[in-house]
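# After the sequence you'll find the predicted model.
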Amino acid sequence: MSTITADREELKKIIREACEDVLTDRSDLIEDAVIEAIEDIGMGRAIEEGKKKDYIDKEEFMKKLNVSLRPKK
C-alpha cells in the first residue's frame, strides 16, 4: 500500500467533492434525515403539549401517531 500526501487545500477539495457526490447521488439520505428530524420535533412538541393538557383518547392519539410525512411511493 502506498502513501498519498495532500496539503490542506487539496484535502478540503477532495472532501467537498465527495460530499457533493453523496448529496447529488443519494439525496434520499438527506430527505430521510430531514423527515426524521421533523418527526422528532413534532413528537417533542406533542410531549410538551401533553404535559400541559388533559389526557386524550387512545384512538385519537393513534390516528395522530400514524400520520406520516413521507410521500407515498
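Yep, that arrived.

# neighbours of Glu39, just the number please.
14 (other C-beta atoms under 10 Å). For every residue, glycine as well, the C-beta is placed using N, CA and C.

# For the helix or strand encompassing it, the averaged confidence score.
Following DSSP states H and E, one finds Glu39 within helix 27-52. Computed over helix 27-52, the mean pLDDT rounds to 86.

# in it, what's buried?
By neighbour count with 16 or more other C-beta atoms under 10 Å, helix 27-52 contains no buried residues.

# what helices or strands is that helix leaning on?
Here helix 27-52 touches no other helix or strand, going by 3 or more C-beta pairs under 8 Å, 6 or more residues apart in numbering; DSSP states H and E.

# just how off-centre is that helix within its chain?
Computed by C-alpha atoms, centre = their mean, to the nearest Å, the chain-centroid distance of helix 27-52 equals 9 Å.

# May I see the buried residues of the helix or strand following it?
Per DSSP H and E, the first helix or strand lying C-terminal to helix 27-52 is helix 58-65. In terms of neighbour count (16+ other C-beta under 10 Å), helix 58-65 has no buried residues at all.

# begin at 13 from here
New numbering, starting at 13: the last item is helix 70-77.

# Relative to the whole chain's centre, how far out is helix 70-77?
Taking mean C-alpha positions (C-alpha atoms, centre = their mean), helix 70-77 and its chain are 23 Å apart.

# quick one: it to helix 39-64, angle?
150 degrees (axes from the mean of the first three to the mean of the last three C-alpha atoms, to 10 degrees).
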